[in-house]
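Chemist: after the sequence you'll find the predicted model.
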Amino acid sequence: MSDGFGAVPPGKGARGGDATGSPRARWGRWRRWGRSWVLGRAGWWLAASLALHALMVLLVARPDMVDLRVYYTASPRVLTGHLYDVRLRVDGPAPALPFTYPPFAALVFLPLSLLPWPVAAALWQLLCVAAIPALVWGAVRLLPPWAGTVDRRQLMLWVAGSLWLEPVRHTLDLGQVNLFLVVLVLGGLTAPWGTAARGLGSGAGVGVAAGVKLSPAVGGLYFLVTRQWRAAACAALVFAGSVAAAWWVVAEESVRYWHRLLPDTTRIGRVDSMRNQSVRGALSRFVGHDVGHGLAWSLAAVMALVLAGYALRAAWRTRDRLAVLVAVQLLGLLLAPISWSHHWIWCVPALVWLVHGPRRDRLCSRIACGLWVVMAGGRVVPQLTRVQDRLPDPAAHPALLAWGGWTYALCATLTLIAVAGTGSSRTATSTVRPSPDRADA
């Protein structure tokens, strides 16, 4: 008997009789039936996810979008010389929020201030949600042609699920710019550029994204690993052009940012905040103060560099572009002074690789994937942040916070270990063909 979507539940034959076989065979049939049942309703899952998000935004937990408010309020001040004097006061333990991006970002955000705030907030929210399919599609396009297949129904499920991962939710709640920057990087790498413009277009995406927010600049390492010298040069030139353009328009604010404000990480926030999931943040919660770039951080950084080096070498030997990009971005997040939880939006491409990549059947990939789902899907970081906010002494971190502070760093480490083993898996999976969706692209 069919379930209405063409799938026959296991345990029932065509005449309704009980299916026979070993427990392993029955489990296999249940898995295939369950997969068919879920995929057959992919459109409904996506519609339900979007509807639930709209319900929460409009009625249940309206996001304050404080970061977007900073963009909206501060950007007009770039023309008056007071961009970095703006402080947006918010409720709760967080201090007043300054504008922390380069002056070029303020020029990019300037058109927002021409709209009424409700219109700007609604438009930003809609565009952020619309960027999620582009993010997933860009990650899928970077999978090697000998990796697993991804069809349209799976893409819909990815969009439906990604909407509820903590870095994505935090980005939407704050009104952050992260989704647009990730899509800009992925779009530059996957767009069908002509032969002459391929390197220029790929590098331009990273260069513009780094001009708006410095963290995407680590993407330039991707071009060096993959030996795309023209793209690397283009990324550097576009970034330099963004700096020069802002310097020409607002020279005083540029001098102030690049010479005085950039080295001061205290302007951005507390390094030992639970929201900071970098190695430096995790170590600082262990010792009760900012470890800076001392011995502990240096040793951890060397270990991260060695592991990432093995991962990048293995990924490029098999021409796995998504694995290279994921390894580069995770390394940048681990070594940055501050990597807020919403910066870890690169968990979506990482999960795409872990689920559909060449090592998807390996134990380490499955553990890393499960840990990402539990930590990001279970919103572990916000829960630990609430515990930290209630501490009488913010410098004292109990074991729960000291160990829990490695949440995303541990996920990233396991992902890098999985990537580092790709060199031995190409032969075993080389017979797998890409889906028509990816091949036609």
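Modeler: Received it, and whenever you're ready, just let me know what you need.

Chemist: could you pull out the helices for the stretch 1-150 of the chain?
Modeler: 23-40, 42-55, 66-74, 103-109, 117-141 (DSSP state H, counting those that start in this stretch).

Chemist: same list (the ones you listed) but as a markdown table, adding distance to Gln329 and mean neighbour count.
Modeler: For the C-beta atoms, the positions are set from N, CA and C on the backbone; glycine is no exception. Formatted as a markdown table, the entries for these read as follows, by distance: least, C-beta to C-beta, whole Å; neighbours: other C-beta atoms under 10 Å:
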| stretch | distance to Gln329 | mean neighbour count |
| --- | --- | --- |
| helix 23-40 | 29 | 13 |
| helix 42-55 | 25 | 14 |
| helix 66-74 | 20 | 21 |
| helix 103-109 | 20 | 24 |
| helix 117-141 | 11 | 18 |
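
Chemist: right, and these - which one's nearest Leu305?
Modeler: Across those, the minimum distance to Leu305, taken as C-beta to C-beta, is reached by helix 117-141, at 24.2 Å.

Chemist: ok, and what's touching the helix or strand harbouring Thr415?
Modeler: With secondary structure defined by DSSP states H and E, Thr415 is part of helix 407-420. The set of residues external to helix 407-420 that reach it, using C-beta atoms under 8 Å, 6 or more residues apart in numbering, is 277-279, 282, 304, 307-308, 310-311, 314-315, 320, 323, 326-327, 330-331, 333-334, 339, 341, 344, 347, 350, 353-354, 359, 362, 364-365, 367-368, 371-372, 375-376, 380-381, 384.

Chemist: report the buried members of those.
Modeler: Buried residues within the contacts of helix 407-420, counting neighbours by 16 or more other C-beta atoms under 10 Å: 277-279, 282, 304, 307-308, 310-311, 314-315, 320, 323, 326-327, 330-331, 333-334, 339, 341, 344, 347, 350, 353-354, 359, 362, 364-365, 367-368, 371-372, 375-376, 380-381, 384.

Chemist: remind me which residues of the stretch 201-350 of the chain are low pLDDT?
Modeler: By pLDDT under 70, the stretch 201-350 of the chain contains no weakly predicted segment.

Chemist: pretty sure His397 is in a strand, no?
Modeler: No: using DSSP: H, G, I helix; E, B strand; the rest coil, the assignment for His397 is coil, not a strand.

Chemist: can you tell me, leaving aside adjacent residues, what's nearest to it?
Modeler: Nearest in space to His397, with sequence neighbours left out and distances taken as C-beta to C-beta, 6 or more residues apart in numbering, is Arg285 at 4.6 Å.

Chemist: next, the buried residues of the helix or strand hosting that neighbour.
Modeler: For Arg285, the element it lies in under DSSP H and E is helix 279-287. Burial within helix 279-287, assessed by neighbour count using 16+ other C-beta under 10 Å, is assigned to 279-286.

Chemist: mind checking how far Leu335 is from Phe99?
Modeler: From Leu335 over to Phe99 the distance is 24 Å, taken as C-beta to C-beta, to the nearest Å.

Chemist: what does Leu114 give?
Modeler: Leu114 is 18 Å from Phe99, where distance means C-beta to C-beta.

Chemist: for the closest residue in space to Asp173 that isn't next to it in sequence, give me its contacts.
Modeler: In this structure, Asp173 finds its nearest non-sequential neighbour in Pro63, 4.1 Å apart by C-beta to C-beta, 6+ apart. For Pro63, the residues meeting the contact criterion (C-beta under 8 Å, 6+ apart) are 57, 125, 172-175.

Chemist: sorry, back to before: compare Leu114 and Phe99 (neighbour count), which wins?
Modeler: Phe99 (28 against 9; other C-beta atoms under 10 Å).

Chemist: what number of residues are in the vicinity of the residue nearest to Pro216 when sequence neighbours are not counted?
Modeler: With C-beta to C-beta, 6+ apart as the criterion, Pro216 has its nearest non-adjacent residue at 3.8 Å, and that residue is Ala209. Burial measure for Ala209: 28 neighbouring residues, criterion other C-beta under 10 Å.

Chemist: which residues does Ala209 contact?
Modeler: If you count contacts by C-beta under 8 Å, 6+ apart, Ala209 has them with 181, 184-185, 216, 219.

Chemist: hmm, try it at 7 Å
Modeler: Counting by C-beta atoms under 7 Å, 6 or more residues apart in numbering, Ala209 touches 181, 184-185, 216.
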